[in-house]
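Enquirer: The sequence and its predicted three-dimensional model are supplied below.
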Amino acid sequence: MNVLPFESFWVQSSLRPNQVVAAIAAEPRKVPTARLANGEVEVFEIRPVVLYRSSFLPRITGNVKPAENGSEVHIEMRLPVITYAFLGALIAWGVASIVLLLVDEKGGSNALKLVPIAVAFTITPLSVLLFKFEASRNRRYLMKILKASIVT
């Protein structure tokens, strides 16, 4: 299991490459964009229409390749860049707090110094779990509309 907020997998769809984006475009909850090559869909990106505030909604991109019985689609789900930056800053804050706690020679109350550590190492795993939850929902949704099954 991947512990990072990132998903990558291949699916086999019964739809032809040009039908893949058409199937996604027909769904009101997604806004697809596509790049064509030789008249066939090569790459698509899906931005969910957000009905609620969530920084953990994955940005979905896919590469479509023709196959014998339809198409093969390589799908990647990632967090928005700003969310990665926030999580990185949060982890850096927690690590810096640990270092300061270890080199502090004054002694005194360490309870206040533990707050950034607790925040950083509680919010980060929670963020990964929320991303995994949203990615799982989107994976099931894509499998349904693409009439696909996961290959890897």
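Expert: Sure, I can see it.

Enquirer: Most remote residue from the middle of the chain, which is it?
Expert: The C-alpha centroid of the chain is most remote from residue 106, which lies 43.2 Å away (Cα atoms, centre = their mean).

Enquirer: isn't there a helix covering that residue?
Expert: No. According to DSSP: H, G, I helix; E, B strand; the rest coil, the state of residue 106 is coil, so it is not within a helix.

Enquirer: Restrict stretch 80-91 to CA atoms and write it as CSV.
Expert: What follows is stretch 80-91, C-alpha atoms only, in CSV (Å, rounded to 0.1, in the frame of the first residue of the first chain):
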residue,chain,number,x,y,z
PRO,A,80,-3.2,19.9,-5.8
VAL,A,81,0.4,21.4,-5.6
ILE,A,82,-0.7,23.8,-2.8
THR,A,83,-1.7,20.9,-0.6
TYR,A,84,1.6,19.2,-1.1
ALA,A,85,3.3,22.5,-0.2
PHE,A,86,1.2,22.8,3.0
LEU,A,87,1.9,19.2,4.0
GLY,A,88,5.7,19.7,3.4
ALA,A,89,5.7,22.9,5.5
LEU,A,90,3.8,21.2,8.2
ILE,A,91,6.3,18.3,8.3
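
Enquirer: Adjust the sequence numbering to begin at 240 for everything that follows.
Expert: Got it, the first residue is 240 from now on, which makes the last one we talked about stretch 319-330.

Enquirer: So which bits of that stretch are buried?
Expert: Of the residues in stretch 319-330, 322, 325-326, 329 count as buried by neighbour count, 16 or more other Cβ atoms under 10 Å. Placement of C-beta: from N, CA and C, glycine included.

Enquirer: can you check stretch 254-271 too?
Expert: Taking 16+ other Cβ under 10 Å as the criterion, stretch 254-271 shows 254-256, 258-260, 262-263, 269, 271 as buried.

Enquirer: Also stretch 350-367?
Expert: Under the neighbour-count criterion of 16+ other Cβ under 10 Å, stretch 350-367 has 355-356, 359-360, 363, 366-367 buried.

Enquirer: again with stretch 303-322
Expert: Of all the residues in stretch 303-322, those buried under the rule 16+ other Cβ under 10 Å are 303, 309-314, 316-318, 322.

Enquirer: now swap in stretch 336-352 and tell me
Expert: With burial defined by 16+ other Cβ under 10 Å, the residues of stretch 336-352 counted as buried are 336-337.

Enquirer: Can you give the distance from the top helix by length along the chain to the centre of its chain?
Expert: Ranked by residue count under DSSP state H, the longest helix found in the chain is helix 350-385. With Cα atoms, centre = their mean, to the nearest Å as the basis, the distance from the averaged C-alpha position of helix 350-385 to the chain average is 10 Å.
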